[in-house]
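Chemist: structure here, sequence nowhere to be found:
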């Protein structure tokens, strides 16, 4: 059955006093926004409903009409509706012929392809139940980066998650594929469990932490959502995030529409919106999650149902793993990869990166271990490793522009990887010198890597340049973030002496302990 007929049936059911599930209510609200035919019909039936309460509307001459509307066809319809106050659709069905006649008398014949309400010989609407979707497709772990665990054991990409499974992340990130077309990603300090994987109703429970869900358009009668302390949160074809401390729940809708059903009321949230959902203990202050959502949204859009190869990488603690310009996460890592050719890069602060070309066939499995190799060696000063043979060369300006675009789009790991590639491949360029300061700011402000930021700022200061003031101020902030307060104080005194009239100097006089 197509979505238009399903919407018509559920709309009738609502008007006749029937109850709908949270998923059905979401579908009834959201479907007309993407279907012009059903939107037109919804408006028509709403207008007819208002006629029951305001019969004087029938005396209004419609725009573009050359004659007043005929009331003859509506008299019995209006009188019956105002006396009995029966449900809207029951009144409309009883007066459908008269309504059609009135529409013709207004001179407005409609060619809309919107679905018509199906009626039996008695005139009552027939129920149009959604078509069953068949057996559930289950869920697969798409990414396990850092310390991700399933049921208290190390998580591995590709493994199935059954109902009742508990996924948690202490450090790093994890993603789950829930076919068709749903990806859920979580980060540090998060725990969720699989409540149900029924084909029409797939639910996770978010116990604590931060999760992002990306849904492609879902089949009729199917939805995905979370159970939370503030009730269920469900969606069809959208991107949203949830954050909870086991009591308060904050919701951010990036794309589409999300429905929250607390059990006593239902609220709909359309992108872009942020909401603190109701819960028993009352409201509390929730930090704006805009920044931290960016990384999980990027991950959730990266993994799809087409990801079926398995990549497993182990390396020294603190190593980052990237495919092309995309950062998969921190090692140890296992991830599902789509078929294709990739440039694998394993990098660690203070060390030269390892680069390898990989080719993934469907359902292939590749494992790499770099911890015991001599390739991961200490870099000397600011010298950069040359690009591997066969790598495509791009200009310094091109790489710098790409890094800036990625950063502006909130794709911070990708921007960091591109800055680092610029530094490796064009170490003596003016763009590389500028990139050191930009990379340091990115590492410090968005990526939480104060140690890496300090090395970037120090690298720029050793060579010097017009951004020395910015790099010096960034270095002080990095030292403070690392807890090296004595060094930060000394550096701050030197900065205030060198730039006494600067805004940063005024701030340092107040902030540096």
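Modeler: Okay, I see it. This is a predicted model, so every value here is computed, not measured.

Chemist: can you tell me the average pLDDT over stretch 329-337?
Modeler: Across stretch 329-337, the average pLDDT comes to 91.

Chemist: and the end-to-end length of it?
Modeler: 14 Å (Cα to Cα, to the nearest Å).

Chemist: what's that stretch in contact with?
Modeler: Defining contact as Cβ atoms under 8 Å, 6 or more residues apart in numbering, one finds that stretch 329-337 is touched by 140, 142-146, 155-158, 171-173, 177, 303, 307-321, 323, 328, 346, 360. Heads up, the C-betas are built off the backbone N, CA and C, glycines and all.

Chemist: just the buried ones from these?
Modeler: 140, 142-146, 155, 157-158, 172-173, 177, 303, 307-315, 319-321, 323, 328, 346, 360 (16 or more other Cβ atoms under 10 Å).

Chemist: just those: which are in strands?
Modeler: The strands, defined by DSSP state E, take in 140, 142-146, 172-173, 177, 309-314, 320-321, 323, 328, 346, 360 from the buried ones among the contacts of stretch 329-337.

Chemist: bridged to residue 150, which residues?
Modeler: residue 153, residue 167 (DSSP bridges).

Chemist: ok, residue 319 - contacts?
Modeler: Counted by Cβ under 8 Å, 6+ apart, residue 319 has contacts 330, 331, 346, 347, 348, 370, 376.

Chemist: please apply the same query to residue 416.
Modeler: By Cβ under 8 Å, 6+ apart, the neighbours of residue 416 are 327, 439, 442, 443, 447.

Chemist: state the helix or strand in which it lies.
Modeler: Assessed by DSSP states H and E, residue 416 sits inside helix 412-425.

Chemist: quick check: what element follows that helix along the chain?
Modeler: helix 430-445.

Chemist: by contact count, what packs against that following helix?
Modeler: Applying 3 or more Cβ pairs under 8 Å, 6 or more residues apart in numbering; DSSP states H and E, one finds that helix 430-445 makes contact with helix 396-408, helix 412-425, helix 450-463, helix 468-481.

Chemist: point out the most buried one among the ones you listed.
Modeler: Burial of the helices and strands packed on helix 430-445 is given as mean neighbour count (mean count of other Cβ atoms under 10 Å); helix 412-425 ranks first at a mean of 24.

Chemist: before we move on, back to that, next, the angle helix 430-445 makes with the helix holding residue 416.
Modeler: 150 degrees (axes from the mean of the first three to the mean of the last three Cα atoms, to 10 degrees).

Chemist: and helix 412-425, average pLDDT?
Modeler: 88.

Chemist: show the end-to-end separation of stretch 237-247, please.
Modeler: Stretch 237-247: ends 27 Å apart by Cα to Cα.

Chemist: which of the residues in that stretch are buried?
Modeler: Per 16+ other Cβ under 10 Å, stretch 237-247 contains these buried residues: 237, 238, 239, 240, 241, 242, 243, 244.

Chemist: sort out for me which of those residues are in strands.
Modeler: Those of the buried residues of stretch 237-247 lying in strands (DSSP E): 239, 240, 241, 242, 243, 244.

Chemist: the last one reaches residue 231, doesn't it?
Modeler: By that I understand residue 244. No. At 11.7 Å, residue 244 does not count as touching residue 231 under the criterion of Cβ atoms under 8 Å.

Chemist: drop anything exposed from the contacts of residue 319.
Modeler: So, by 16+ other Cβ under 10 Å, the buried ones in the contacts of residue 319 are 330, 331, 346, 347, 348, 370, 376.

Chemist: JSON lines for the buried residues of stretch 237-247, including distance to residue 38?
Modeler: Listed next are those as JSON lines, based on distance: Cβ to Cβ, whole Å:
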{"residue": "237", "distance to residue 38": "16"}
{"residue": "238", "distance to residue 38": "19"}
{"residue": "239", "distance to residue 38": "24"}
{"residue": "240", "distance to residue 38": "24"}
{"residue": "241", "distance to residue 38": "29"}
{"residue": "242", "distance to residue 38": "29"}
{"residue": "243", "distance to residue 38": "34"}
{"residue": "244", "distance to residue 38": "35"}
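
Chemist: might you list the low-confidence residue ranges for the stretch 301-450 of the chain?
Modeler: Under the criterion pLDDT under 70, the flagged ranges of the stretch 301-450 of the chain are 349-350, 371-393.

Chemist: residue 345 versus residue 418, what's the distance?
Modeler: Applying Cβ to Cβ, to the nearest Å, the value for residue 418 to residue 345 is 11 Å.

Chemist: and what of residue 507?
Modeler: Going from residue 507 to residue 345 by Cβ to Cβ gives 37 Å.

Chemist: neighbour count for the two, which is higher?
Modeler: residue 345 (22 against 12; other Cβ atoms under 10 Å).

Chemist: so what's that one up against?
Modeler: Residue 345 touches 321, 322, 323, 353, 354, 355, 417, counting by Cβ under 8 Å, 6+ apart.

Chemist: relative to residue 294, which of those residues is nearest.
Modeler: residue 417 (14.8 Å; Cβ to Cβ).

Chemist: wait, that closest one touches residue 328, no?
Modeler: No. In this structure residue 417 lies outside contact range of residue 328 using Cβ under 8 Å: 10.4 Å.

Chemist: identify the contacts common to these two.
Modeler: residue 322.

Chemist: which other helices and strands contact the top strand by length along the chain?
Modeler: Counting by DSSP E, the longest strand found in the chain is strand 201-215. Contacts defined by 3+ Cβ pairs under 8 Å, 6+ apart place strand 201-215 against strand 182-187, strand 190-197, strand 223-228, strand 231-235, strand 239-244, helix 290-302.

Chemist: other residues contacting the longest one?
Modeler: Under the contact criterion Cβ under 8 Å, 6+ apart, helix 290-302 has outside partners 143, 173, 175, 183-187, 210-214, 239, 241, 252, 254, 326, 410-414, 446.

Chemist: please redo it, this time with the cut-off set to 6 Å
Modeler: 175, 183, 185, 212, 214, 241, 410, 411 (Cβ atoms under 6 Å, 6 or more residues apart in numbering).

Chemist: ok and it relative to helix 396-408, angle-wise?
Modeler: Using the same axes, to 10 degrees: helix 290-302 against helix 396-408 is 110 degrees.

Chemist: quick one on the thing from earlier: and the helices and strands packed on helix 430-445 as JSON lines, adding distance to residue 9?
Modeler: Shown next, in JSON lines, are the helices and strands packed on helix 430-445 (distance: least, Cβ to Cβ, whole Å):
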{"stretch": "helix 396-408", "distance to residue 9": "46"}
{"stretch": "helix 412-425", "distance to residue 9": "45"}
{"stretch": "helix 450-463", "distance to residue 9": "57"}
{"stretch": "helix 468-481", "distance to residue 9": "58"}
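
Chemist: can you give the domain ranges for the protein?
Modeler: The chain is divided into the following domains under automatic domain parsing: 3-105, 140-302, 309-369, 396-511.

Chemist: I'd like the helices and strands packed on strand 201-215 laid out as CSV, including distance to residue 458.
Modeler: Formatted as CSV, the helices and strands packed on strand 201-215 follow (distance: least, Cβ to Cβ, whole Å):
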stretch, distance to residue 458
strand 182-187, 29
strand 190-197, 34
strand 223-228, 44
strand 231-235, 45
strand 239-244, 35
helix 290-302, 25
